[in-house]
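Trainee: sequence and predicted model, in that order:
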Amino acid sequence: MDGKYFRGGRYVDLDLPGLEVQLAEVLAPIIPRVNFVDDLKRRLSVEQDISLATKRLDPVQSVLLGVAGVISGALILVIGLRAIIALLGGKGHLQQFKEQIQQKKTQTMGSFS
Amino acid sequence: MLDITDEMALVQAGEGNSEAFGVLYERYVGRIYNYIYYRTGNQADAEDLTARVFFRAMHHIKNYQDRGLPFSAWLYRIAHNLVANWHRDNSRRPEVPLDDGMIVRHQWQEQPEQALLKSQEHERLLRLIRCLPPDRQQLLILKFVDHLSNTEIGQIMGKTEGAVKSLYHRTLLSLRYKLQEIISEDPSAG
């Protein structure tokens, strides 16, 4: 059996060139399905278009986005300040604070006179 | 567009030119598919993994660095890693049988008896190939399916031409030994 190989209904020498011939027969190139190749190409193209569209921003769009961001920030700040003022005024803290300032002013005026 | 070199297509594809990437895709889809098909043994996984290779390549093509290796080496590296992950995930599941198409496709123009014998021989050899270590499988596929030279195989596998020759010779000896072992254990296997 050494060096012999049963092939095509008979024993033949299993030399390395013979094995290479068999490997070439077994490992023959295969053509992938045309539908698969075309479909994958289309999917890749769509994916690339989407990623490009999300990455590329028009300069005008960028400026508008920036301005909108600044305006939104300023609005949030103003609303926040108004809310704090309203809260303090509602509890009378603001009135007390005004009175304290007024008293200090009166005291200062009195000490001068 | 079709006659541009890989290098030019790579630069353009990196800049977001989908047509250039399409050229690279059409050039290499067959080779990558064949590589994965013979490593996995079935069409469905070969198609799935081939798609993943090209999606990954497309997303990372901007970061591709030319280190003097062909573009195909980079693609094969991605395919090799994905196939390795696939084998790792599948090691917990039953072995995937070889596709029927993988075995019977060489039977044309032969008598039924001869075709059956040949089919059995091919099946046995394919099973043996799939039992080889990954680097040896890769070497055989690149050599016989893609018909690459030892230098090109070395570039893809990160080995010298001499190392590829040596590995190839050892692979042939190992395959022959295993074939003889099977026949001596079960003479009817022939």
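Mentor: Everything's here; your move. Residues are numbered from 1 along each chain as shown, chains lettered A, B, ... in the order given.
Trainee: every contact and neighbour count from this point should use C-alpha atoms.
Mentor: Will do.
Trainee: right, and A:Leu27 touches B:Lys143 too?
Mentor: No - the pair A:Leu27 / B:Lys143 is not scored as a contact, 9.3 Å apart, by C-alpha atoms under 8 Å.
Trainee: more neighbours: the two, which one.
Mentor: More neighbours surround A:Leu27 than the other of A:Leu27 and B:Lys143, with 23 against 19 (other C-alpha atoms under 10 Å in any protein chain shown).
Trainee: if I pick that one, what's in contact with it?
Mentor: With contact set as C-alpha atoms under 8 Å, 6 or more residues apart in numbering or on different chains, A:Leu27 has these partners: B:38, B:141, B:144-145.
Trainee: settle this for me: A:Pro32 is touching B:Tyr33, isn't it.
Mentor: Yes - judged on C-alpha under 8 Å, A:Pro32 makes contact with B:Tyr33 at a distance of 6.9 Å.
Trainee: who has more neighbours, those two?
Mentor: Between A:Pro32 and B:Tyr33, counted using other C-alpha under 10 Å, B:Tyr33 has the larger neighbour count: 26 against 17.
Trainee: now do the helices in chain B.
Mentor: Along chain B, the stretches classed as helices by DSSP state H are B:6-14, B:18-40, B:43-60, B:71-90, B:100-104, B:112-131, B:134-140, B:150-157, B:161-185.
Trainee: including mean pLDDT and distance to A:Phe97, could those helices go into JSON lines?
Mentor: As requested, these are exported to JSON lines (pLDDT from 0 to 100; distance: least, C-alpha to C-alpha, whole Å):
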{"stretch": "helix B:6-14", "mean pLDDT": "84", "distance to A:Phe97": "65"}
{"stretch": "helix B:18-40", "mean pLDDT": "92", "distance to A:Phe97": "68"}
{"stretch": "helix B:43-60", "mean pLDDT": "94", "distance to A:Phe97": "62"}
{"stretch": "helix B:71-90", "mean pLDDT": "91", "distance to A:Phe97": "70"}
{"stretch": "helix B:100-104", "mean pLDDT": "52", "distance to A:Phe97": "90"}
{"stretch": "helix B:112-131", "mean pLDDT": "80", "distance to A:Phe97": "86"}
{"stretch": "helix B:134-140", "mean pLDDT": "93", "distance to A:Phe97": "81"}
{"stretch": "helix B:150-157", "mean pLDDT": "92", "distance to A:Phe97": "79"}
{"stretch": "helix B:161-185", "mean pLDDT": "89", "distance to A:Phe97": "88"}
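Trainee: most neighbours per residue, which of those?
Mentor: Among the helices of chain B, helix B:18-40 has the highest mean neighbour count (mean count of other C-alpha atoms under 10 Å in any protein chain shown), at a mean of 21.
Trainee: ok and that helix relative to helix B:112-131, angle-wise?
Mentor: For helix B:18-40 against helix B:112-131, the angle by axes from the mean of the first three to the mean of the last three C-alpha atoms, to 10 degrees is 100 degrees.
Trainee: so for the helix or strand where A:Glu99 lies, what's the average pLDDT?
Mentor: Following DSSP states H and E, one finds A:Glu99 within helix A:93-112. The average pLDDT within helix A:93-112 is 81.
Trainee: mind listing what's buried along that helix?
Mentor: By neighbour count with 16 or more other C-alpha atoms under 10 Å in any protein chain shown, helix A:93-112 contains no buried residues.
Trainee: put the alpha carbons of it into PDB.
Mentor: In PDB, the C-alpha atoms belonging to helix A:93-112 read as follows (Å, rounded to 0.1, in the frame of the first residue of the first chain):
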ATOM      1  CA  HIS A  93     -36.000  87.200  49.200                       C
ATOM      2  CA  LEU A  94     -35.600  89.800  46.400                       C
ATOM      3  CA  GLN A  95     -37.600  92.300  48.400                       C
ATOM      4  CA  GLN A  96     -35.600  91.700  51.500                       C
ATOM      5  CA  PHE A  97     -32.400  92.100  49.500                       C
ATOM      6  CA  LYS A  98     -33.600  95.400  48.100                       C
ATOM      7  CA  GLU A  99     -34.500  96.600  51.600                       C
ATOM      8  CA  GLN A 100     -31.100  95.700  53.000                       C
ATOM      9  CA  ILE A 101     -29.400  97.700  50.200                       C
ATOM     10  CA  GLN A 102     -31.700 100.700  50.900                       C
ATOM     11  CA  GLN A 103     -31.000 100.500  54.600                       C
ATOM     12  CA  LYS A 104     -27.200 100.500  54.000                       C
ATOM     13  CA  LYS A 105     -27.600 103.500  51.700                       C
ATOM     14  CA  THR A 106     -29.600 105.400  54.400                       C
ATOM     15  CA  GLN A 107     -27.000 104.600  57.000                       C
ATOM     16  CA  THR A 108     -24.200 105.800  54.900                       C
ATOM     17  CA  MET A 109     -26.000 109.000  54.100                       C
ATOM     18  CA  GLY A 110     -26.700 109.600  57.900                       C
ATOM     19  CA  SER A 111     -23.100 109.100  58.900                       C
ATOM     20  CA  PHE A 112     -22.000 111.800  56.300                       C
END
